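Visitor: pasting the structure only:
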């Protein structure tokens, strides 16, 4: 018997693409809410589970590390078995893992189930953009991705606020909250999505490449994050850097010679794809540590409660919500280069403004610079994503979406690790834990100057990444896309440099 919902939702009908956007937006909302609610609850988790900065890092980025390593394989599996099936499975795994995260009695089990969540997250991330790209014509792709980014921005606004409120009932409620959203998404994906992309039955999993990427990225993350706490000459910190330096070139060599590589290097022969992904990676490094740092600045240095801290972080996402759909529509008409470059520049200006923060900075100044950073992200995200995905041939969109997400998530991992490393290098570890857990309220008995100076250094690193990203964005060339049978279509309004 045929599914009655699918009988009504005809993939050949113009309305189907909006159903796809709805389903993928549920996943985007769940992911963005989870990130925001978890960040705001970290001080409570740190206190309740009696854990340390080492475990805290794994609770935050363990999920991202697994999702980053698996996202390319997830994209390749989707190219083989179907994107709709893979996306639906992602909802099932993420939702089930959320239940076990909520039940975790200690940090070790919480970390373990966060890693399982990462498997589900990889399936969701690898397929969401590809499903939207399959469903929408290129002339509307920027608008669709802009709406999707707006949903992410809305989740980013609500996440810290909701997390602050939920934390009042115990930090475990932030994971229970995922369950109904995940079940709705699972049902919607199973009932509505129809396979549209061309399947490639020859796809194989590159286990060697996956292992090399995991070793290299984990080594870099651990070294950056804990060099300041345990000493930059500690054997395992030095070993982390060496693991990255050794694994990275071997990984690239393996990928260049593997018959079914994890990372399809041929995609990077397209200058727009290569420069767009490099810009996305640098943008992730620049901005993703901001929310993490400001949570501890507000709850530790300023002594705000979780609900108030969540409300005070709202401006960071407001610019993203407002400008993402607008920039997406403009990208469909005028191309991506000018918009993406402007977004990177504005992000850099906002981060430079955050370098003026002190423990007593008026809130309006903090809100203003958050708004600028969010505006830069809103202007950048939709045009850059539309440009990168628009040049990928239809039969490689799973791999293309996976590559984009892998680099963005790698930037997130590096950003958080770098932020922790810069802060921990300037403070006594015990004081650092006190500030991060919220037990050190304001400057009672200690000087917060080292913490504030470390924040400035972390924001400066973001400014540098934004400047490099703006240069890379200018080098992307003219805006092009694939339409119909795969013929390249150029937007004549944007000329190559």
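Guide: Okay, I see it. Keep in mind that what you see is a predicted model, and the values were worked out from it rather than measured.

Visitor: now the helices: where do they sit in the stretch 201-350 of the chain?
Guide: 207-230, 235-257, 271-296, 306-312, 315-334, 337-354 (DSSP state H, counting those that start in this stretch).

Visitor: okay if I get those helices as TSV plus mean pLDDT?
Guide: As requested, the helices of the stretch 201-350 of the chain are exported to TSV (pLDDT from 0 to 100):
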stretch	mean pLDDT
helix 207-230	84
helix 235-257	90
helix 271-296	85
helix 306-312	81
helix 315-334	80
helix 337-354	92
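
Visitor: I'd like to know which of those helices lies nearest to residue 135.
Guide: The closest of the helices of the stretch 201-350 of the chain to residue 135 is helix 315-334. By CB to CB, the value is 15.1 Å. All C-beta atoms are positioned from the backbone trio N, CA, C, and that covers glycine.

Visitor: Give the buried residues for that closest one.
Guide: Residues of helix 315-334 classed as buried: 315-332, 334 (neighbour count, 16 or more other CB atoms under 10 Å).

Visitor: Please apply the same query to stretch 236-254.
Guide: 237, 240, 241, 243, 244, 247, 248, 251, 254.

Visitor: Distance to residue 418 for the helices of the stretch 201-350 of the chain - can I get that in CSV?
Guide: Below are the helices of the stretch 201-350 of the chain laid out as CSV (distance: least, CB to CB, whole Å):
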stretch, distance to residue 418
helix 207-230, 5
helix 235-257, 13
helix 271-296, 7
helix 306-312, 22
helix 315-334, 18
helix 337-354, 13
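
Visitor: where do the helices sit along the stretch 351-497 of the chain?
Guide: Using DSSP H, counting those that start in this stretch, helices in the stretch 351-497 of the chain cover 363-390, 397-424, 429-437, 449-474.

Visitor: biggest helix in the chain, by residue count?
Guide: Longest helix in the chain by number of residues (criterion: DSSP state H): helix 16-48.

Visitor: can you give me the offset of that one from its chain's centre?
Guide: 11 Å (CA atoms, centre = their mean, to the nearest Å).

Visitor: Residue 355 is in contact with residue 460, correct?
Guide: Yes - counting by CB atoms under 8 Å, residue 460 touches residue 355, with 6.2 Å between them.

Visitor: so how far is residue 371 from the residue nearest to residue 323 when sequence neighbours are not counted?
Guide: Leaving aside its sequence neighbours, residue 323 sits nearest to residue 378 (CB to CB, 6 or more residues apart in numbering; 3.2 Å). As judged by CB to CB, to the nearest Å, residue 378 and residue 371 stand 10 Å apart.

Visitor: Would you mind grabbing the residues shared as contacts by these two?
Guide: residue 319 (CB atoms under 8 Å, 6 or more residues apart in numbering).

Visitor: More neighbours: those two, which one.
Guide: residue 378 (28 against 20; other CB atoms under 10 Å).

Visitor: My read is that that one contacts residue 328, right?
Guide: No - counting by CB under 8 Å, residue 378 stays clear of residue 328, with 9.5 Å between them.

Visitor: Run a quick neighbour tally on residue 192.
Guide: With other CB under 10 Å as criterion, residue 192 counts 20.

Visitor: Correct me if wrong: it contacts residue 26.
Guide: No - applying CB under 8 Å, one finds residue 192 not in contact with residue 26, separated by 10.4 Å.

Visitor: For stretch 106-114, buried residues please.
Guide: Quick answer for stretch 106-114 (16+ other CB under 10 Å): 107, 110, 111, 112, 113, 114.

Visitor: who are the neighbours in contact with residue 351?
Guide: By CB under 8 Å, 6+ apart, residue 351 lies in contact with 286, 287, 290, 369, 373, 459, 460, 462, 463, 466.

Visitor: contacting residues for the residue sitting nearest the centre point of the chain?
Guide: With distances taken as CA atoms, centre = their mean, the chain has residue 409 as the residue nearest its mean C-alpha position (5.1 Å). Residue 409 sits next to 64, 67, 68, 71, 125, 284 when contact means CB under 8 Å, 6+ apart.

Visitor: could you measure it against residue 180, distance?
Guide: Distance from residue 409 to residue 180, by CB to CB: 26 Å.

Visitor: ok so, going back, JSON lines please, covering the buried residues of stretch 236-254 and showing distance to residue 38.
Guide: Shown next, in JSON lines, are the buried residues of stretch 236-254 (distance: CB to CB, whole Å):
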{"residue": "237", "distance to residue 38": "26"}
{"residue": "240", "distance to residue 38": "24"}
{"residue": "241", "distance to residue 38": "28"}
{"residue": "243", "distance to residue 38": "27"}
{"residue": "244", "distance to residue 38": "26"}
{"residue": "247", "distance to residue 38": "28"}
{"residue": "248", "distance to residue 38": "29"}
{"residue": "251", "distance to residue 38": "29"}
{"residue": "254", "distance to residue 38": "34"}
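
Visitor: With respect to residue 185, which of those residues is nearest?
Guide: Distances from residue 185 to the buried residues of stretch 236-254, taken by CB to CB, are shortest for residue 251, at 33.2 Å.

Visitor: isn't residue 452 right next to residue 300, touching?
Guide: No - counting by CB under 8 Å, residue 452 stays clear of residue 300, with 11.2 Å between them.

Visitor: In helices, which of the buried residues of stretch 106-114 appear?
Guide: Counting by DSSP H, the buried residues of stretch 106-114 place 107, 110, 111, 112, 113, 114 in helices.

Visitor: okay, now the nearest residue to residue 365 once chain neighbours are set aside: neighbour count?
Guide: Closest residue to residue 365 apart from its sequence neighbours, by CB to CB, 6+ apart: residue 356 at 7.2 Å. When neighbours are defined as other CB under 10 Å, residue 356 has 12 of them.

Visitor: now swap in residue 207 and tell me
Guide: If we define neighbours as other CB under 10 Å, then residue 207 has 10 of them.

Visitor: That one and residue 258, how far apart?
Guide: The separation that residue 207 has from residue 258, given CB to CB, amounts to 10 Å.

Visitor: next structured bit after the host helix or strand of residue 143?
Guide: Secondary structure from DSSP states H and E places residue 143 in helix 138-167. For helix 138-167, the following helix or strand on the C-terminal side (DSSP H and E) is helix 173-176.
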